[in-house]
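Asks: Next input, structure requested:
(chains A and B)
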Amino acid sequence: MRARFGGLLFLALAATLPLWLRDPYFVAILTSTGIFIIAAISLNLLLGFTGQLSLGHAAFFGIGAYTSALLSLGFDVDIGLPSPVVVDPKPVWIAFFGAVVVSGLFGWLIGKLAFRVRGAYFVIVTISFAEVMRMVALNWVDLTEGPMALNNIPPLSVLWPGHGLTALVTKSQQYWLVLAVGVVCYFLVARMVRSRLGRALIALRENEPLARSVGVRVTHYLVVATVVSAAIAGAAGALYAHCVRIVDPDVFLFIYTVTMVIMVVTGGKGTLAGPVVGGLIFGLMPQALRGTAPPEVQWIIYGIGIILIVFFLPRGIVPAFADLARLRMPALRKPASLVR
Amino acid sequence: MLRLDAITVCYGKVPALREVSLEVHAGELVTLIGANGAGKTTTLKAISGLLSLASGSIEFEGVPIANTRPRDVLARGIAHCPEGRRVFPELTVRENLAMGAYLRRDQAGIADDLERIFAKLPRLKERIGQIAGTLSGGEQQMLAIARSLMSRPRLMLFDEPSLGLAPNLVERVFEIIAEIRREGTTVLMVEQNALAALEMCDRAYLLETGQMVLAGAGRDLLENPHMRRAYLGG
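Replies: This is a model prediction of the structure:
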């Protein structure tokens, strides 16, 4: 009950933030942090709820970014057919949902390939996949412009009351867009993990042979989770493409995946709020340190921060605070003695 | 009801079971005894579809079930209550029980079964919202049994139900298993505690290094010289 109240308060603060915080720079920082939080939410679905570590999650993010950018810009590409394939520019929202679908399809492919073996093999397959995607983006210049990057990507637009169809170009508008998509993704994942499907995912994370013996189709559910996770990461990538409005092969860099993993692990994997909390901390910390520490020192401070969190709060920040709240409020405390 | 015909199961190239045959008739309580590594758990896993056979066949109520998926075996009415890590530690008692009814869609029937189980094991009802990993070992075993019952099995496979439990709890677990059988569920139970198993069962099989060496009524096996020397302490 108290957690729900806290969530509503947080949402109200977040939704009104550009109205009382008239600092466009900070709003822009929160927007890019929000995009990463969405990606972290998608990673948490796999890492936190199924226990599978995808170390190539930036691949789905990048595929989303490139797909949405290319569909909204239009492209022609020679793939050895008699005449080149020409795709006209599509409306931006169609490009956005196209990106979600294409990322989801890649998630299905990777899930089908990797979950025959799981564990370490899944990690290796996902890392390689992201690196291959980066190479494709870098070298398939006909399609992706390679290192020259895709420029002038159109922004998303909505029917803004009183203004008709409005392109979302100001910092506040983009902030609200990212917040809206983020809230949808959060509740989608929340709904999913609290359903029968979610129980099955947690069951197989906890004890796979037992999950199989009670009738859970383990591989099937892992693939479903990967598809949803990849699709959400793709949505985050598409948001990135239409907010930053330039996409280059660096979106596939390993460091982005690592950032998502750090957000999930420090926030609390397997909790719904974990990626949000971890994402806010690691999205805003660079800004907080920017004035006081040079970049090299910043990296050292992150490193120490992560080590401290992992050492003292191994399950992450959110579970640690939940335990604390339970100790403070006896009503929530579990029975002390379990054996009679 | 259940018939295993000369089944061989291999881990890699090493055979863990060699041409093992056994039979369980409807309404019986049959136990499978043997030392560590004799192949008892392997036998149960082969029945429930967690392992596939190198050769041989398994029939349940006249239908071949060897090498089918665990969920299909479960759907036919065989529940497997495994040894060792028996519950989902991070799920609550209620969620663990719901996992036992995972393949069922009849919400009313599930609610009825839940009530019947709580009548039998009131301790679980007190603990319904608790995370299963925080239950005592005995409570976890009760929960595992209750979870298996939630699929309404006609045949229950128990793997070492007494393993790691305090003596008074061992007795309680055996009582519950006897009760489940009285209520009409057929039971195949793997046990190391040979004396208790032989006293409560109708028939028993003895496995040694992957082969079936003895079979007979529980009483007869209690008198068997080889059995007495090797498993019952003289």
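Asks: how about the helices in chain B?
Replies: According to DSSP state H, chain B carries its helices in the segments B:40-48, B:70-76, B:93-100, B:107-120, B:122-126, B:137-149, B:167-182, B:194-200, B:218-223, B:225-231.
Asks: can you list those in a markdown table and add mean neighbour count?
Replies: Backbone N, C-alpha and C define where each C-beta goes, glycine included. Shown next, in a markdown table, are the helices of chain B (neighbours: other Cβ atoms under 10 Å in any protein chain shown):
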| stretch | mean neighbour count |
| --- | --- |
| helix B:40-48 | 24 |
| helix B:70-76 | 19 |
| helix B:93-100 | 23 |
| helix B:107-120 | 14 |
| helix B:122-126 | 15 |
| helix B:137-149 | 23 |
| helix B:167-182 | 16 |
| helix B:194-200 | 19 |
| helix B:218-223 | 16 |
| helix B:225-231 | 14 |
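Asks: A:L324 - how many residues pack around it?
Replies: 10 (other Cβ atoms under 10 Å in any protein chain shown).
Asks: what sits against the closest residue to chain A within chain B?
Replies: Distances between chain B and chain A by Cβ to the nearest Cβ are smallest at B:R71, namely 3.8 Å. By Cβ atoms under 8 Å, 6 or more residues apart in numbering or on different chains, the contact list for B:R71 reads A:212, A:215-217, B:49, B:103.
Asks: Quick check: of the residues you listed, which lies closest to A:G107?
Replies: Closest approach to A:G107 among the contacts of B:R71 (Cβ to Cβ): A:R217, at 17.4 Å.
Asks: Can I get the lowest-mean-pLDDT helix or strand in chain B as CSV, trimmed to CA atoms?
Replies: Every helix and strand in chain B was compared by mean pLDDT, DSSP states H and E; the lowest is helix B:225-231, with a mean of 86. Output in CSV follows, covering the C-alpha atoms of helix B:225-231 (Å, rounded to 0.1, in the frame of the first residue of the first chain):
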residue,chain,number,x,y,z
PRO,B,225,18.8,-62.8,3.8
HIS,B,226,20.6,-60.6,1.2
MET,B,227,18.3,-57.8,2.1
ARG,B,228,18.8,-58.2,5.8
ARG,B,229,22.6,-58.4,5.5
ALA,B,230,23.1,-55.4,3.1
TYR,B,231,20.3,-53.0,4.0
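Asks: Rounded mean pLDDT for stretch A:311-318, please.
Replies: On average, the pLDDT along stretch A:311-318 is 85.
Asks: In stretch A:161-172, which residues are buried?
Replies: A:168, A:171-172 (16 or more other Cβ atoms under 10 Å in any protein chain shown).
Asks: quick one: contacts of that stretch?
Replies: With Cβ under 8 Å, 6+ apart as the test, stretch A:161-172 has contacts from A:18, A:24, A:27-28, A:31, A:154-160, A:173-174, A:176-177, A:242.
Asks: Can you tell me which residue sits nearest the middle of chain A?
Replies: In chain A, the residue lying closest to the centroid (Cα atoms, centre = their mean) is A:A39, at 0.8 Å.
Asks: SS state for it?
Replies: Recorded secondary structure, A:A39: helix (DSSP: H, G, I helix; E, B strand; the rest coil).
Asks: residue contacts, the closest residue to chain B within the stretch 201-340 of chain A?
Replies: Across the stretch 201-340 of chain A, no residue is closer to chain B than A:G215, which sits at 3.8 Å (Cβ to the nearest Cβ). Neighbouring residues of A:G215 by Cβ under 8 Å, 6+ apart: B:70-71, B:74-75, B:102-103, B:151.
Asks: change it to 10 Å
Replies: A:200, B:69-75, B:79, B:99-104, B:151 (Cβ atoms under 10 Å, 6 or more residues apart in numbering or on different chains).
Asks: what do you get for B:S48?
Replies: B:S48 makes contact with A:209, A:212-213, B:58, B:65, B:68, B:70, B:73-74, B:78-82, B:155, B:157, B:159, according to Cβ under 10 Å, 6+ apart.
Asks: same thing with A:V123?
Replies: A:V123 neighbours (Cβ under 10 Å, 6+ apart): A:52-56, A:114.
Asks: how about the nearest residue to the residue positioned nearest the centre of chain B, chain neighbours excluded?
Replies: Most central residue of chain B, judged by C-alpha distance to the mean C-alpha position with Cα atoms, centre = their mean, is B:F158 at 1.5 Å. Counting by Cβ to Cβ, 6 or more residues apart in numbering or on different chains, B:M189 is the residue found nearest to B:F158 once chain neighbours are left out, at 4.2 Å.
Asks: and A:R340, what pLDDT?
Replies: Taking A:R340 on its own, its pLDDT is 30.
Asks: so what's A:D250 up against?
Replies: A:58, A:62, A:134, A:137-138, A:147, A:149, A:256.
Asks: Among these, which are located in helices?
Replies: A:58, A:62, A:134, A:137-138, A:256.
Asks: Report the two members of those residues separated by the largest distance.
Replies: Checking these with Cβ to Cβ, the most distant pair is A:L138 and A:Y256, at 15.3 Å.
Asks: Between the two, point out the one with more neighbours.
Replies: A:Y256 (20 against 15).
Asks: wait, isn't that one in contact with A:F61?
Replies: Yes - A:Y256 lies in contact with A:F61 (Cβ atoms under 10 Å); the separation is 6.7 Å.
Asks: shared neighbours of those two, anything?
Replies: A:36, A:39, A:130, A:237.
Asks: Looking at these, which is nearest chain B?
Replies: Closest approach between these and chain B, by Cβ to the nearest Cβ: A:A39, at 24.9 Å.
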